[in-house]
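K.L.:
Using only what follows, build the 3D model:
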Amino acid sequence: MIAHALDILLVGGVALLALALGSRLLAGLRVECPSTLERAVMATGLGLGVIAYLMLGLGLLGGLQRAVVVTVLLVLFGSQGRGIYEWLRLGGKWLKEQRHVQRSLVERALTVYLVITSLLLLLASLCPPTGSDWDGLTYHLAAPKNFLRHGRIFYIAFDHHSNFPFTVEMLYLLGLSLRGWTMEATGGAVAAKLFHTLFALLSAATIYAFGRRHLSRPAGLVGAAVFLSMPIVASEAVIAYADLGLAAFTLLALYAFWNGKVERSKPSACEAAHAQYATLSAIFAGLCMGTKYSGLLIFGWLGLMMLGDVVRARSSLRPLLIFALVGALVASPWYVKNVVYTRNPVYPFLYKVFDGRNWSADRAVAYEGHQREFGMGRSVADFFLIPWRVTMWPWNYDPAWDKRRVAQKQKGFEVQPLPTSALGPALLMFVVPLLLLRRQPQVMSFLLVTSLFFLGCWFFVLAQYNRYLFPILPPLSLCAGYAVVTLSQRSQPLRYVCGAALASCCAFGLALFVTTQQSELSVAFGRVSEQERLERFNVYAVCKFVNDNLAPSAKVVTYGETRWFYLDREYLWGEREHHTLIRYDEPMTLNRLLAEYRRLGITHVLFAPTMIQGSPYQRLFEQGIQSGAFTVLYAERGFVLLEISDV
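P.N.:
Have a look, this model is predicted:
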């Protein structure tokens with residue numbers, strides 16, 4: 001833990017900088033926040049977006065050298081010093097005031113739970129990423145490392161993921177650039193993980209702020225606890241993915257949108273105030289689109305809601321036009337970059353419409369088919385069963401059904417039925433009874449309808465992957481918080497039932513997190529060394545061999561594995577489904593394969609035999625070894641490294 005104190009200080013410092021930058025933006029937009037907490041969450045979200053886009057600009061201009069990044073960061077800190085000091089002063093004042101705030105026993109217990117959970121998330125994030133951080137090691141961290149290796153953001157031809165919107169990954173880029181991106185410098189990866197943890201805590205704080213303003217303080221507090229109690233939230237908060245960034249930006253967009261709606265409904269309604277909140281909501285919606293493609297749904301939905309308000313009230317189109325223009329402008333750098341790099345703004349999707357570089361029609365069909373393999377069916381009946389099925393996953397996993405789904409190409413809601421992918425029981429226990437309540441605040445209807453819209457898109461359009469539900473987990477958690485508070489006020493027995501149910505959800509989430517994160521927490525507490533933990537990971541072991549034994553000019557092609565963040569040599573994925581760099585379309589012989597490797601400057605082949613068993617690749621590699629075209633350099637722990645002979 002002490003070894004990564006600088007990483008904690010870095011991310012904490014960037015959070016303070018984001019707070020100051022965002023406050024300046026809020027002042028520029030003339031948005032008045034009624035509470036310090038609301039201003040803090042809005043400003044932090046805005047500031048993180050600004051910093052991410054500054055890193056994008058530096059990367060596109062070829063300025064990804066540590067000296068340049070440090071200089072820009074120091075200039076920002078210098079320009080925002082007064083704002084940072086003011087927020088530190090406000091924070092100290094707030095902490096003193098909390099001693100005198102009257103809270104119920106339940107509120108105190110929930111506050112303690114949130115503090116303990118936040119500390120555990122922070123501690124578990126201090127372990128460098130290993131096998132469970134699959135997508136992080138594949139592209140969330142690996143692509144920024146590739147950018148840093150070349151000193152600029154560029155088109156990574158072999159990895160289509162690197163052309164996704166990368167707002168959150170730009171913060172990872174910052175962490176890696178300042179704290180190191182080579183195998184030995186694990187601080188960069190830890191700093192990146194801490195940024196994702198920051199988004200989890202920002203989401204929880206925003207749930208509380210939203211609830212406190214539009215419902216009640218207890219509803220916001222319960223909602224935040226429900227959110228952090230979800231196993232999928234806690235497990236993602238300690239790995240370098242992007243889903244919690246999307247969750248935070250989505251809730252902030254909804255929060256700003258609803259604030260504008262409330263301001264407009266007041267007797268002294270001011271059109272300017274509504275336009276200001278429309279602008280703020282548009283910025284966050286733009287950040288959603290700049291984080292993941294599914295953010296387009298959030299932007300589209302809020303635009304439709306705003307259009308509906310305009311039609312019903314027969315009011316000015318100005319706020320709607322501001323929302324559309326600002327949101328599109330904020331998101332545009334990612335989509336324009338894609339057009340320049342690949343000719344497709346949403347690469348690699350919609351290939352039939354836009355085409356795309358290093359992609360093909362059959363690859364597009366296979367990729368879309370793979371996305372639609374997730375779930376347990378797409379009929380109308382299946383849709384109504386989603387709340388139960390998603391809640392029960394992975395405990396409703398049936399090996400017998402698993403055999404059938406292989407033939408039917410149905411994968412369930414995750415690649416593997418792991419408890420860390422579970423949503424937990426809280427939403428089913430509390431949100432479903434909420435639907436039976438006759439009278440609900442308008443904000444509840446807004447959050448529920450928004451969640452239903454996204455759930456429908458997730459079910460019918462997107463991959464039915466639990467992780468893709470993250471945008472609606474914060475609003476549904478707030479709905480759950482309201483349900484607990486409202487039902488508890490109905491009768492004494494209901495209060496006890498709701499209290500026991502909430503306590504069991506929180507205890508279950510905490511116990512599951514501690515159980516599944518034992519290895520990471522052991523590193524944080526010094527029971528296991530960081531190096532020992534990393535060397536248990538077989539991908540790390542082969543990366544270490546490559547880094548120690550191959551020349552810096554070596555270029556490696558890989559098969560059967562994609563988690564190559566720790567590889568400090570140039571590499572590319574070799575399988576046909578990833579790109580068209582290697583021309584597999586003609587009948588592939590050993591000589592043709594070797595010619596393709598030499599054309600691309602490839603010097604070594606690294607593959608996982610069990611993952612390519614029975615494939616044409618395995619046959620060609622065996623022929624190459626027998627003929628002397630390949631020399632085996634490493635064959636341990638599930639990997640084989642071959643050197644391509646000069647002859």
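
K.L.:
Check the secondary structure at residue 423 for me.
P.N.:
Taken by DSSP: H, G, I helix; E, B strand; the rest coil, the conformation at residue 423 corresponds to coil.

K.L.:
That one and residue 226: what is the separation?
P.N.:
With distances taken as Cβ to Cβ, to the nearest Å, residue 423 is found 10 Å from residue 226. For the C-beta atoms, the positions are set from N, CA and C on the backbone; glycine is no exception.

K.L.:
swap in residue 334?
P.N.:
Following Cβ to Cβ, the distance that separates residue 334 from residue 226 is 32 Å.

K.L.:
Looking at the two, which one has more neighbours?
P.N.:
residue 226 (33 against 22; other Cβ atoms under 10 Å).

K.L.:
mind checking which helix or strand that one is in?
P.N.:
Taking DSSP states H and E as the definition, residue 226 sits inside helix 217-229.

K.L.:
which parts of that helix are buried?
P.N.:
Buried residues in helix 217-229, counting neighbours by 16 or more other Cβ atoms under 10 Å, are found at 218-229.

K.L.:
Apart from its neighbours in sequence, what residue is nearest residue 575?
P.N.:
residue 559 (6.0 Å; Cβ to Cβ, 6 or more residues apart in numbering).

K.L.:
Now do the same contact list for that neighbour.
P.N.:
Residues in contact with residue 559 (Cβ atoms under 8 Å, 6 or more residues apart in numbering) are 573-575, 605-608, 611-612, 617.

K.L.:
which helices and strands does the strand or helix carrying residue 175 pack with?
P.N.:
In this assignment (DSSP H and E), residue 175 forms part of helix 167-179. Contact partners of helix 167-179 among helices and strands, from 3 or more Cβ pairs under 8 Å, 6 or more residues apart in numbering; DSSP states H and E: helix 5-29, helix 36-60, helix 66-79, helix 142-150, helix 187-214, helix 243-265.

K.L.:
Now with 10 Å, please.
P.N.:
Identification of packing neighbours for helix 167-179 by 3 or more Cβ pairs under 10 Å, 6 or more residues apart in numbering; DSSP states H and E yields helix 5-29, helix 36-60, helix 66-79, helix 142-150, helix 187-214, helix 243-265, helix 271-289, helix 318-342.

K.L.:
among those, which is nearest residue 530?
P.N.:
helix 187-214 (9.4 Å; Cβ to Cβ).

K.L.:
hang on, the earlier thing: can you pull up the bridge partners for the residue nearest to residue 575?
P.N.:
For residue 559, the beta-bridge partners are residue 607 (DSSP bridges).

K.L.:
Which pLDDT value belongs to it?
P.N.:
The model reports residue 559 with a pLDDT of 96.

K.L.:
Distance of it relative to residue 72?
P.N.:
Using Cβ to Cβ, residue 559 is found at 39 Å from residue 72.

K.L.:
Next: residue 59.
P.N.:
Distance, residue 59 to residue 72, using Cβ to Cβ: 12 Å.

K.L.:
Looking at those two, which has the bigger crowd around it?
P.N.:
Shown here are residue 59 and residue 72; by other Cβ under 10 Å, residue 59 has more neighbours (23 against 17).

K.L.:
Now the nearest residue to the more buried one once chain neighbours are set aside: phi and psi?
P.N.:
Once flanking residues are discounted, residue 59 sits nearest to residue 153: 3.4 Å by Cβ to Cβ, 6+ apart. Residue 153 has phi and psi values of phi -80, psi 130 when expressed as degrees, to the nearest 10.

K.L.:
how many neighbours does residue 153 have?
P.N.:
For residue 153, the neighbour count with other Cβ under 10 Å is 27.

K.L.:
How confident was the prediction at it?
P.N.:
At residue 153, the pLDDT value in this model is 97.

K.L.:
ditto for residue 408
P.N.:
Residue 408 is assigned 48 on the pLDDT scale.

K.L.:
again, but for residue 509
P.N.:
Predicted confidence (pLDDT) for residue 509: 95.

K.L.:
which ones are touching it?
P.N.:
Applying Cβ atoms under 10 Å, 6 or more residues apart in numbering, we find residue 509 in contact with 113, 117, 225-234, 422, 424-426.

K.L.:
Which of these sits closest to residue 534?
P.N.:
Residue 534 has its nearest neighbour among the contacts of residue 509 in residue 234, at 22.2 Å by Cβ to Cβ.

K.L.:
need the contact list for that closest one.
P.N.:
If you count contacts by Cβ under 10 Å, 6+ apart, residue 234 has them with 117, 120-121, 124, 200, 227-228, 420, 424, 509-510, 512-514, 516-517.

K.L.:
ok, of these, which come out buried?
P.N.:
117, 120-121, 124, 200, 227-228, 420, 424, 509-510, 512-513, 516-517.

K.L.:
Roughly how far does the residue nearest to residue 59 sit from residue 293?
P.N.:
From residue 153 to residue 293 the distance is 18 Å (Cβ to Cβ).

K.L.:
Give me the next element, helix or strand, following the helix or strand containing residue 509.
P.N.:
Take DSSP H and E as the rule and residue 509 turns out to sit in helix 492-516. Next along the chain after helix 492-516, taking DSSP H and E as the criterion, comes helix 518-524.

K.L.:
so what secondary structure elements neighbour that next one?
P.N.:
When contacts are defined as 3+ Cβ pairs under 10 Å, 6+ apart, helix 518-524 sits against helix 105-124, helix 530-535.

K.L.:
which residue is nearest the middle of this structure?
P.N.:
Nearest to the mean C-alpha position of the chain, by Cα atoms, centre = their mean, lies residue 242 at 1.6 Å.

K.L.:
What pLDDT is listed against it?
P.N.:
pLDDT, residue 242: 96.

K.L.:
was I right about it contacting residue 236?
P.N.:
Yes. In this structure residue 242 lies within contact range of residue 236 using Cβ atoms under 10 Å: 9.5 Å.

K.L.:
what residues are shared contacts of those two?
P.N.:
196, 199, 467, 470.

K.L.:
Residue 260 touches residue 284, doesn't it?
P.N.:
No. If you go by Cβ under 10 Å, residue 260 and residue 284 don't touch, sitting 11.9 Å apart.

K.L.:
more neighbours, the two?
P.N.:
Taking neighbours as other Cβ under 10 Å, residue 260 and residue 284 compare with residue 284 leading, 28 against 24.

K.L.:
which one is the more buried one nearest to, not counting chain neighbours?
P.N.:
Using Cβ to Cβ, 6+ apart, the nearest residue to residue 284 is residue 253, at 3.7 Å.

K.L.:
Tell me who's in contact with that neighbour.
P.N.:
Going by Cβ under 10 Å, 6+ apart, residue 253 touches 45, 280-288, 295, 298-299, 301-302, 327, 471.

K.L.:
Turn the buried ones among the residues you listed into a named PyMOL selection, would you?
P.N.:
Buried residues within these, by 16+ other Cβ under 10 Å, are selected in PyMOL with:
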select buried, resi 45+280+281+282+283+284+285+286+287+288+295+298+299+301+302+327+471
